[in-house]
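Undergrad: show me how the following folds:
(2 chains)
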Amino acid sequence: MNSRSFNLFKFSSPANFYPLAGRLVPWFTGLAVILIAVGLYMSFGVAPTDYKQGEGYRIIFVHVPAAWMSMFIYVVMAGWAGVGLIFNTRMSSMMAQALAPTGAMFTFIALWTGSFWGKPMWGTWWVWDARLTSELILLFLYIGFMALQASIEDPRRADRAGAILALVGVVNIPIIYFSVKWWNTLHQGASIRIGQESTMAVTMLWTLLIMALGFWMYSIAVVLARVRCIILERERNATWVAELIKEAR
Amino acid sequence: MKGLSEFFYMGGYALYVWGSFGVTALLMAVEPILVRNRRRAVYQRLARIARAEASSK
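TA: The predicted model follows:
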């Protein structure tokens, strides 16, 4: 066993992960603030006016990063929940629990900004098309995961029930992603594709990527801060928590 | 000042652009505050439990 994998196992224990997360939060917060500040400046100051949608297209700089995060966080959440289910590791289930509210928030933002973009461009706040409906289902999956966990008293049983729900819900992610290809929808196809030339202006693309990176850093910071709360709540009977509380007073 | 009002006008898309960025900014500002409050609440609760246990001994 080399020292690297030893370290990884070390941080799978809440007592070791708690201080590590505490040290990481300020760094990710700082990165998030810088990246989002630069991203906002570029959104309004650098990126050119779109020839078709005028200034209205600028919604893309929050809409697309939020939509990416909503799907990505779900996959990570289901992954941690699955690891917790199989290996019975406490830390993984706590990570899944910490990810859900942030994922739900980004899903809501994606839907909200999409609605505010759809109204001027499509002439409607909402349509029941495949992309929009599957994203709405994603929001319900997040809410269902949180509600299910909250409704079960025993945290270990809550973890297992939540994990099964989260894993079944993963089916929805490719449906969201490919919905614009599989069905005839009002929603446009992806402008950024892997292995192909993107259909956007270079400054627009950079702005989008910087905002997305900023949202990533934000998510990591807030999820690590939240998982620290969850660790304290769940491990409150552990000696190290008792000592921590004693020191804080 | 013309430049500024023009900026806020967003070529006629003011409601949609600011409605999107505004709500996003609001939520991303509120969420960390909620986490901080939760942290304080957990600390206070655990401290209360610790005090109660110390006094009952």
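Undergrad: for residue 14, which non-adjacent residue is spatially closest?
TA: Unless you meant another one, I'm taking chain A. Nearest in space to A:Pro14, with sequence neighbours left out and distances taken as CB to CB, 6 or more residues apart in numbering or on different chains, is A:Ile231 at 4.7 Å. Quick note: C-beta positions are derived from backbone N, CA and C, even for glycine.
Undergrad: I was thinking of chain B, sorry if that wasn't clear
TA: The shortest distance from B:Ala14 to any residue that is not its chain neighbour, by CB to CB, 6+ apart, is 6.2 Å, and that residue is B:Phe8.
Undergrad: give me the contacts around the strand or helix carrying that neighbour.
TA: Here B:Phe8, judged by DSSP states H and E, is contained in helix B:2-9. For helix B:2-9, the external contacting residues (CB atoms under 8 Å, 6 or more residues apart in numbering or on different chains) are A:44, B:14, B:18.
Undergrad: 10 Å instead, please
TA: By CB atoms under 10 Å, 6 or more residues apart in numbering or on different chains, the list of residues contacting helix B:2-9 from outside reads A:44-45, A:55, B:14, B:17-18.
Undergrad: same question for stretch A:170-181.
TA: Taking CB under 10 Å, 6+ apart as the criterion, the residues outside stretch A:170-181 that touch it are A:67-68, A:70-72, A:74-75, A:77-79, A:81-82, A:107, A:110, A:129-138, A:140-141, A:182-183, A:185-190.
Undergrad: please pick the buried ones from the residues you listed.
TA: Applying 16 or more other CB atoms under 10 Å in any protein chain shown to the contacts of stretch A:170-181, the neighbour count classes A:67-68, A:70-72, A:74, A:77-79, A:81-82, A:107, A:110, A:129-138, A:141, A:185, A:187 as buried.
Undergrad: those residues in helices, which ones?
TA: When these are checked against helices (DSSP state H), the matches are A:67-68, A:70-72, A:74, A:77-79, A:81-82, A:107, A:110, A:130-138, A:141.
Undergrad: what's the following helix or strand after the helix-or-strand element of chain A with minimal mean pLDDT?
TA: Of all the helices and strands that make up chain A, helix A:3-10 has the lowest average by mean pLDDT, DSSP states H and E, namely a mean of 59. With elements assigned by DSSP H and E, the helix or strand that comes after helix A:3-10 is helix A:14-41.
Undergrad: any buried residues in that next one, and which?
TA: Here helix A:14-41 shows A:14-15, A:17-18, A:21, A:25, A:28-29, A:31-32, A:35-36, A:38-40 as buried, counting by 16+ other CB under 10 Å.
Undergrad: again, but for stretch B:12-28
TA: Neighbour-count burial for stretch B:12-28 flags B:13, B:16-17, B:19-21, B:23-24, B:28 (criterion: 16+ other CB under 10 Å).
Undergrad: again with stretch A:145-158
TA: Counting neighbours by 16+ other CB under 10 Å, one finds that the buried residues in stretch A:145-158 are A:145-146, A:149, A:155, A:158.
Undergrad: measure the residue nearest the centre of chain A to A:Ala96 for me?
TA: The geometric centre of chain A, computed from its C-alpha atoms, lies nearest to A:Ile73 (CA atoms, centre = their mean), at 3.3 Å. For A:Ile73, the distance to A:Ala96 (CB to CB, to the nearest Å) stands at 10 Å.
Undergrad: what's the angle from whichever helix or strand A:Gly84 is part of to helix A:14-41?
TA: In the assignment (DSSP H and E), A:Gly84 maps to helix A:60-87. For helix A:60-87 and helix A:14-41, the angle between their directions (axes from the mean of the first three to the mean of the last three CA atoms, to 10 degrees) works out to 170 degrees.
Undergrad: can you give me the strands for chain B?
TA: Listed from the start of the chain, chain B has no strands (DSSP state E) to report.
Undergrad: and stretch A:71-90, how far out from the chain middle?
TA: The gap between the average C-alpha position of stretch A:71-90 and the chain average comes to 13 Å, counting by CA atoms, centre = their mean, to the nearest Å.
Undergrad: indicate whether it makes contact with chain B.
TA: No - legend: contact between stretch A:71-90 and chain B by CB under 10 Å from any CB of the partner chain is lacking; minimum distance shown is 12.7 Å.
Undergrad: alpha carbons of that stretch, as CSV, please.
TA: Coordinates of the C-alpha atoms in stretch A:71-90 are reproduced here as CSV (Å, rounded to 0.1, in the frame of the first residue of the first chain):
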residue,chain,number,x,y,z
MET,A,71,-26.5,17.9,-14.1
PHE,A,72,-23.0,17.5,-12.9
ILE,A,73,-23.8,17.8,-9.2
TYR,A,74,-26.5,15.2,-9.6
VAL,A,75,-24.1,12.7,-11.1
VAL,A,76,-21.5,13.4,-8.3
MET,A,77,-24.3,13.1,-5.7
ALA,A,78,-25.5,9.8,-7.0
GLY,A,79,-21.9,8.6,-7.3
TRP,A,80,-21.2,9.4,-3.6
ALA,A,81,-24.6,8.0,-2.6
GLY,A,82,-23.8,4.8,-4.5
VAL,A,83,-20.3,4.5,-2.9
GLY,A,84,-22.0,4.9,0.5
LEU,A,85,-24.5,2.3,-0.3
ILE,A,86,-22.0,-0.3,-1.4
PHE,A,87,-19.1,0.3,1.0
ASN,A,88,-21.1,1.6,3.9
THR,A,89,-18.8,4.6,4.2
ARG,A,90,-20.3,7.4,6.3
